[in-house]
Every structure is written in structure tokens, then in C-alpha cells.
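Undergrad: Need a 3D model of the sequence below.
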Amino acid sequence: MSLPETAPEAEPSLFPEVGIDSLRFAVVDLETRNVCAGPGAVIEVGIALMERGEITEEWGSLVRPSGPVGDWVSKLTGITDEMVAGAPAFAEIAPKVEEMLRGRIFVAHNVSFDWKMIRGEMPGLPARTPRLCTVRMGRALVPEAPRHSLDVLCAFLGIDLGRHHRALDDARAAAKILAALLKRDGAEKWTAAQLAKFRA
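TA: Got it, this is the predicted structure:
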């Protein structure tokens with residue numbers, strides 16, 4: 001879900017001094033029924049794992065929330081109350097989510113929002129998990145783009161977005177944006193620590 005950037009939390013851990021090719025990313029997108037972090041807010045999860053500029057695994061699931069999806073969110077995402085009625089609650093998929101995030105840099109398009117919302121469902125996630133924001137990267141590395149929302153940046157970079165505001169499609173698109181950005185302006189020669197300026 002694309003929403004205005006939220007203020008960053010306390011500074012996360014610095015990334016290690018290794019080459020970018022050594023990094024493992026988990027690119028995450030969440031669709032939510034509201035913007036208030038807490039149990040029962042998430043209605044869909046999408047995760048794309050990426051290494052060496054390639055997506056290596058994808059996974060997604062609808063999630064049964066603690067209240068109605070709401071007309072505005074249904075219109076935006078296409079996700080209805082009927083669709084999530086038989087979906088697992090977040091607690092049921094949390095072990096799978098934790099497994100996919102483990103040992104990886106958490107990436108999202110406006111990562112502060114997705115991180116806030118996923119920790120609302122999984123407060124046990126380490127607070128100092130390294131996190132990377134593709135909005136911030138896009139602004140720095142593609143300043144000529146008219147805007148840096150997911151859909152506009154995909155169009156500017158020639159990336160197929162798929163179904164916008166569906167979690168797995170958006171996570172996949174954000175992973176492709178990350179791969180494209182890491183090839184710009186010599187970024188492929190950076191160390192992981194140089195990525196830290198795009199953390200949030």
C-alpha cells in the first residue's frame with residue numbers, strides 16, 4: 001500500500017562492510033486495512049527474496065484481519081471481506097514470514113510504513129534489523145523521475161508492475177526497482193555500508 005512516508009525510527013544497525021553481491025534481501029509489501037500498527041491490521045503479505053540482483057523466491061498470502069477491510073481499501077486493492085474471510089490470521093503465517101526475513105535486509109518502498117505495520121503484527125522482530133528504502137534510493141539515484149511512487153518509478157524504469165496494490169506484485173516490482181537502482185551510477189561497486197544512507 002503506497003502511503004506518505006512516516007518518520008524514521010531510532011537508527012537501525014549499520015550494514016556490514018561487505019560487497020553488495022554478498023547481501024541477501026527480503027523485499028516486502030503489505031496491504032493493510034488501516035494505517036495504525038497493531039494485530040489484525042494486515043490483509044495481505046508479499047515477500048520477494050533477492051540475491052545478486054535476482055529474485056530467488058516469492059511468497060504471498062491473504063491475511064484475515066481483526067475487522068472489516070473497508071470500502072476505500074477494497075476499492076484500492078480489490079481485496080474484499082469475502083476474500084479474507086477464509087484466509088489465515090497473521091499469527092498463523094508469522095513463522096513463514098519470520099523464516100523468510102531471517103538473516104536478510106528488510107526492503108520496502110517506503111520501508112518505514114511496512115516495517116511499522118509488520119512489527120505491529122510481529123513485535124518480536126529485532127528492532128535493529130537493517131532496513132532499506134527504495135523510495136529514498138529512487139530519489140537519490142533517479143532524480144529525473146517525475147515522482148518516486150512505486151507505479152511512477154516502475155513506468156520510468158520500464159518495470160512491469162502487475163496488479164498495483166496487491167502485495168506480491170508490489171513486492172516483486174520493488175525488488176526489480178532495487179535491482180535496477182543497484183546498477184546505476186556505479187552502485188554495483190558499493191559496499192553494504194554505503195547503502196546505509198538509504199536506511200529508514
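Undergrad: residue ranges for the helices of this structure, please.
TA: Ranges of helices within the chain are 71-77, 81-85, 90-101, 111-121, 134-141, 150-157, 167-181, based on DSSP state H.
Undergrad: what about this structure, any weak spots by pLDDT?
TA: Scanning the chain for pLDDT under 70 picks out the ranges 1-17, 186, 200.
Undergrad: coming back round to it: what's the closest of the helices of the chain to Leu62?
TA: Smallest distance to Leu62 across these (Cβ to Cβ): 5.3 Å, for helix 81-85. Every residue, glycine included, has its C-beta placed from N, CA and C.
Undergrad: And the closest one, how far out from the chain middle?
TA: A distance of 23 Å separates the centroid of the chain from that of helix 81-85, by Cα atoms, centre = their mean, to the nearest Å.
Undergrad: Just the residues contacting it, thanks.
TA: Ile43, Glu44, Leu62, Val63, Arg64, Pro65, Pro68, Val69, Ser74 (Cβ atoms under 8 Å, 6 or more residues apart in numbering).
Undergrad: Closest one of those residues to Ala94?
TA: Ala94 lies nearest to Val63 out of the contacts of helix 81-85, by Cβ to Cβ, at 10.1 Å.
Undergrad: backbone phi and psi for that closest one, please?
TA: phi -130, psi 140 (degrees, to the nearest 10).
Undergrad: any idea how far it lies from His109?
TA: Counting by Cβ to Cβ, to the nearest Å, the gap from Val63 to His109 is 19 Å.
Undergrad: Could you do Ile47 as well?
TA: Distance of Ile47 to His109, given as Cβ to Cβ: 13 Å.
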